[in-house]
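Peer 1: predicted model and sequence follow; I will ask about them next.
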Amino acid sequence: MIKFCVRLVQRWLPEPFIFAILLTFVAAIVAMPLCRQTPIEVVEHWGDGVWNLLGFAMQMSLILVCGSTLAAAPVVKRAIDAMARVPQSAPAAIALVTVVSALACLINWGFGLIVGVVFAKAIARRRSDVDYRLLIASAYSGFVVWHAGLSGSIPLTMATPGDSLAMATNGALTKPVPLTQTIFDWHNLVTVLFVIIGITIANTLMHPKKGVITIDPALLKDDDNAKAEVSTTSKTPAQRLEQSKLLSWLVALMLVVYLVIHLGVKGASLDIGGVIMIFLALGLVLHSTPVSYVRAFGKATTGAAGIILQFPFYAGIMGIVTGIGASGISFGGVMAEACIRISNPVTYPMLTFLCAAVLNLFVPSGGGHWAVQAPVMFTAGANLAVDPGLTGMAISWGDAWTNLIQPFWALPALAIARLNAKDIMGYCLIDLLITGVIICAGLLLWAI
């Protein structure tokens, strides 16, 4: 089964950008007969959608880059190197990478994604008996829990007050849904626990007893793009400012004070911007000086190159999926309505999850899912008396689940690991099947 999945993916999965182009044509071809739209209408929907997610794309890029920059801080890197000495066998290394990546992704998806692969590379430098492809796949597999964690865009959006919540859900939600009813609900926490246990066991058992795939040690070395430090003598005023720890601490203090006022005094919920601020403050402090942070930040931005290139294409696909032509119906609306027609209060969350999982192949974005499903699914959930927190988490889990076989979000990790998507997606396909069963069971338990 493992060999079959690996060979299947390696033979048929193209480069991620080609995958995005193919999905664009698939969405267009399906939308025309399904929604009775003309080719001109589909092209217009695509073009209108290309730039619609720039704000959200900027937020996602900042989460990724700020998380990556924090992972590059010397104290964090030393901690990673120390942890790399812990596993005493190849299976133990696979298990530890999986758990570390998953726990880090629960804190912040960008941070977890990068820390996981950096940790995997640190282990690969020390152990030649670990299958490198599986090691990186294990680091990426922890990403499946990100939308159930602190940086989950849908639960954070649901917790953010404002008129936009009611507008996005067609009036189904008029008040914010606190995080205690989404990511911190005990049903979600239990599901997260079993998902992490499931992928840890699966990844460990997938490690081959022979025929381990290693990599050229030269490819495991960190690129040192740091500039030489300025001499401690005869510094200019500008250089003193660049290397001033006080400036970094003052900016970090401002961020912390704002968050204390915003979250503590005003009682606001932690939103996407708050998560970015936390990691920005930590990064500034741990990198000590502004110039050190700038250099690490600049290096981290290269990991977001694939996302920056492909996000407009996926926004265009979202335009096709949400576009309404003269027929008055949309691709996403048809899928959502089909899910609603066969649902009852118990099966509705699971079917919402599966609908979101399919849509995620075309729109791998929490913001995209929110735009497509929020107007329909929350209204239907309210009519079925389904808790809105459960509806939101069903969409969130669906958005995260098929990321295991959608190479879009793997791009930064693959850039660091110097692998192709087809090198790891075969293993991730196994994880997809296992986690799918666990998540469906968790949603059914929550609904009962």
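Peer 2: It's in. Numbers count the residues shown, from 1 in each chain.
Peer 1: dihedrals phi and psi, N420?
Peer 2: phi -100, psi 160 (degrees, to the nearest 10).
Peer 1: if you could redo that for A102, that was the one I meant.
Peer 2: phi -60, psi -50.
Peer 1: distance of the most centrally placed residue in the chain from V115?
Peer 2: The centroid of the chain falls nearest to W109 when counting by C-alpha atoms, centre = their mean (5.1 Å). According to C-beta to C-beta, to the nearest Å, W109 and V115 sit 11 Å apart. For the C-beta atoms, the positions are set from N, CA and C on the backbone; glycine is no exception.
Peer 1: what touches both of the two?
Peer 2: G67 (C-beta atoms under 8 Å, 6 or more residues apart in numbering).
Peer 1: contacting residues for L62?
Peer 2: L62 sits in contact with I276, where contact means C-beta under 8 Å, 6+ apart.
Peer 1: tell me which element it falls in.
Peer 2: Taking DSSP states H and E as the definition, L62 sits inside helix 54-71.
Peer 1: restrict that helix to CA atoms and write it as CSV.
Peer 2: C-alpha atoms of helix 54-71 as CSV (Å, rounded to 0.1, in the frame of the first residue of the first chain):
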residue,chain,number,x,y,z
LEU,A,54,-4.6,40.3,-1.6
GLY,A,55,-5.3,41.4,2.0
PHE,A,56,-5.7,37.8,3.2
ALA,A,57,-2.7,36.8,1.2
MET,A,58,-0.6,39.4,2.9
GLN,A,59,-1.8,38.2,6.3
MET,A,60,-0.9,34.6,5.5
SER,A,61,2.5,35.6,4.1
LEU,A,62,3.3,37.6,7.3
ILE,A,63,2.3,34.6,9.5
LEU,A,64,4.6,32.4,7.4
VAL,A,65,7.5,34.8,7.3
CYS,A,66,7.2,36.0,10.9
GLY,A,67,7.1,32.3,12.0
SER,A,68,10.0,31.4,9.8
THR,A,69,12.1,34.4,11.2
LEU,A,70,11.3,33.3,14.7
ALA,A,71,12.4,29.8,13.9
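Peer 1: now the longest helix anywhere in the chain: mean pLDDT?
Peer 2: Looking across the chain with DSSP state H, the single longest helix is helix 421-447. For helix 421-447, mean pLDDT is 95.
Peer 1: same thing with stretch 10-19?
Peer 2: Average pLDDT, stretch 10-19: 82.
Peer 1: again with stretch 154-167
Peer 2: 85.
Peer 1: and that stretch, how far from the chain's centre?
Peer 2: On the basis of C-alpha atoms, centre = their mean, to the nearest Å, stretch 154-167 sits 19 Å off its chain's mean C-alpha point.
Peer 1: for that stretch, buried residues please.
Peer 2: By 16 or more other C-beta atoms under 10 Å, the buried positions in stretch 154-167 come out as I154, P155, L156, T157, M158, A159, T160, L165.
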